[in-house]
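Peer 1: Predicted model follows, preceded by the sequence.
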Amino acid sequence: MKKRLLILEDGTVFSGTAFGSDKASQGEVVFTTGMVGYQETLSDPSFYGQIVTLTYPLIGNYGINRDDFESITPAIRGFVVRELEEYPSNFRSDTTLNDYLTSQDIPGIEGIDTRKLTRIIRSKGAVRAILTAADEEVNVDEIVAQLQATPLITHHVKEVSPKAAYPSPGRGQRVVVMDFGMKHGILRELNKRDCDVLVVPYNTSAEQILAWHPDGVMLSNGPGDPADVTEGVETIKKLIGQVPIFGICLGHQLFALASGATSFKLPFGHRGANHPVKDLRTGRTELTSQNHGYAIDVESLANTDLEITHIALNDGTVEGVRHKTHPIFTVQYHPEASPGPEDSNHLFDEFIDMMEAEKEKKHA
Ligand SMILES: NC(=O)CC[C@H](N)C(=O)O
């Protein structure tokens, strides 16, 4: 068993056992609290550039299967677990988590105190870290200095958005998806409703999108700071009022920025599968799947045409907005779940209804 270290930029060193790829890797460490769903988590492109630690202590027990991927190539930089299960037991399992991460050249570390790590992230916020082999020559001070000197990655979306448009045909509503690093779950939900989908890169112009005569535009999730994605914001500004829009996570943030709001980095993010969100219109609370490090400033919404529709019950931050006059709504959480509860799946039906209603209005 090879030893591996996880060294944080504050100098904390965790010593554990290596799994997955042998390479060294660095990124921002974040924690997620989902008790299951590690396959969806590691393949969610919104984690691009991040080392993900799971607070649930036993990971890998149902293996990796054919069906639960949220992207073709995982974008995470590393996986941190308390205890890795080497012998999965599940009828869907094709391979082990260890073999899968090795095949994808992603390093992992197991056997460290993930509770301690999570408490550090909770108190210090964004923490950069490096995963490296535990050989004698490791000089922690040098590594910490190197970590602190490494410029932060910007514009993560460029790395995970597709290079060209592609269709996922259907006979229903025509939806153009602006793909900022889309989880497959979004496409799955649109396909389930027979949408005629065209997935386009993040920098597709509004003119091009409208030239496809969509019934609606979907703004996907994606990694990084929404303020970096200026091309997306400019495009969305031009789409507002032209076409019904539904946005998820980064898509929600970009729509809010395009409407004049501002975003900020949360102290330690919302990542997990049981985040309670209150719908202010119905008073109902739904349990939601979440994965975000940024959020929209409540105060900044005062000078926009947006109305807050959802709030997070854990910390009161904005979880959803809608346009006061145009058919547009967006949420910070994940109605496509994958992983997590499907309480909010009805939002995809509301999107379909909204597109149908707009068409009827036009033809009336
Ligand atoms: N899942 C997402 O779309 C995340 C949005 C954004 N990258 C954030 O961290 O807040």
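Peer 2: Here it is on my side, so go on. Residues are numbered from 1 along each chain as shown.
Peer 1: can you give me phi and psi for the residue lying closest to residue 65 once chain neighbours are set aside?
Peer 2: Once flanking residues are discounted, residue 65 sits nearest to residue 92: 3.9 Å by Cβ to Cβ, 6 or more residues apart in numbering. To be clear about C-beta, it is placed using only N, CA and C from the backbone, and glycine gets the same treatment. Taking degrees, to the nearest 10, you get phi -90, psi -10 for the backbone angles of residue 92.
Peer 1: separation between residue 92 and residue 185?
Peer 2: 17 Å (Cβ to Cβ, to the nearest Å).
Peer 1: Show me what the helix or strand encompassing residue 252 is in contact with.
Peer 2: Here residue 252 is covered by helix 250-258, with elements defined by DSSP states H and E. The contact list for helix 250-258 (Cβ atoms under 8 Å, 6 or more residues apart in numbering) reads 46, 157, 178, 180-181, 218-224, 226-227, 229, 232-234, 236-237, 240, 245, 247, 263, 292, 294-296, 301, 304, 306, 318, 320-321, 328, 330-332.
Peer 1: distance between that helix and the chain's centre?
Peer 2: 14 Å (Cα atoms, centre = their mean, to the nearest Å).
Peer 1: and after it, which helix or strand comes next?
Peer 2: Next along from helix 250-258, by DSSP H and E: strand 263-279.
Peer 1: Surely the residue nearest to residue 65 and residue 66 touch.
Peer 2: Yes. With contacts defined as Cβ atoms under 8 Å, residue 92 counts as touching residue 66 at a distance of 7.2 Å.
Peer 1: which of the two has more neighbours?
Peer 2: The neighbour comparison of residue 92 against residue 66 (other Cβ atoms under 10 Å) goes to residue 92, with 12 against 9.
Peer 1: so who does the more buried one touch?
Peer 2: 62-63, 65-67.
Peer 1: picking that back up, what separation do you get for the residue nearest to residue 65 and residue 191?
Peer 2: 21 Å.
Peer 1: burial measure for the closest residue in space to residue 11 that isn't next to it in sequence, as a count.
Peer 2: Nearest non-adjacent residue to residue 11, counting by Cβ to Cβ, 6+ apart: residue 144, 5.3 Å away. As a burial measure, residue 144 scores 20 neighbours (other Cβ under 10 Å).
Peer 1: residues of the helix or strand residue 144 falls within that come out buried?
Peer 2: If you go by DSSP H and E, residue 144 is part of helix 140-149. For helix 140-149, a neighbour-count test (16 or more other Cβ atoms under 10 Å) marks 143-144, 147 as buried.
Peer 1: counting contacts, what elements does it pack onto?
Peer 2: strand 3-8, strand 127-133 (3 or more Cβ pairs under 8 Å, 6 or more residues apart in numbering; DSSP states H and E).
Peer 1: Just checking the distance from the following helix or strand past it to the centre of its chain.
Peer 2: Helices and strands here follow DSSP H and E; after helix 140-149, the next one along the chain is helix 157-160. The chain centre lies 13 Å from the centre of helix 157-160; the measure is Cα atoms, centre = their mean.
Peer 1: ditto for stretch 278-295
Peer 2: 15 Å.
Peer 1: how about it as CSV, C-alpha atoms only?
Peer 2: Output of stretch 278-295 as CSV, limited to C-alpha atoms (Å, rounded to 0.1, in the frame of the first residue of the first chain):
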residue,chain,number,x,y,z
LYS,A,278,-38.2,26.9,0.9
ASP,A,279,-40.4,27.9,-2.0
LEU,A,280,-41.6,31.3,-0.8
ARG,A,281,-44.7,31.2,-3.0
THR,A,282,-46.1,28.0,-1.6
GLY,A,283,-44.4,27.9,1.8
ARG,A,284,-43.4,24.3,0.9
THR,A,285,-39.9,23.0,1.7
GLU,A,286,-38.1,20.6,-0.6
LEU,A,287,-35.0,18.6,0.0
THR,A,288,-32.5,19.4,-2.7
SER,A,289,-29.3,18.3,-4.3
GLN,A,290,-26.7,21.1,-4.3
ASN,A,291,-23.2,21.8,-5.4
HIS,A,292,-22.2,25.4,-5.4
GLY,A,293,-19.5,27.6,-4.0
TYR,A,294,-21.0,31.0,-5.1
ALA,A,295,-24.4,32.6,-4.5
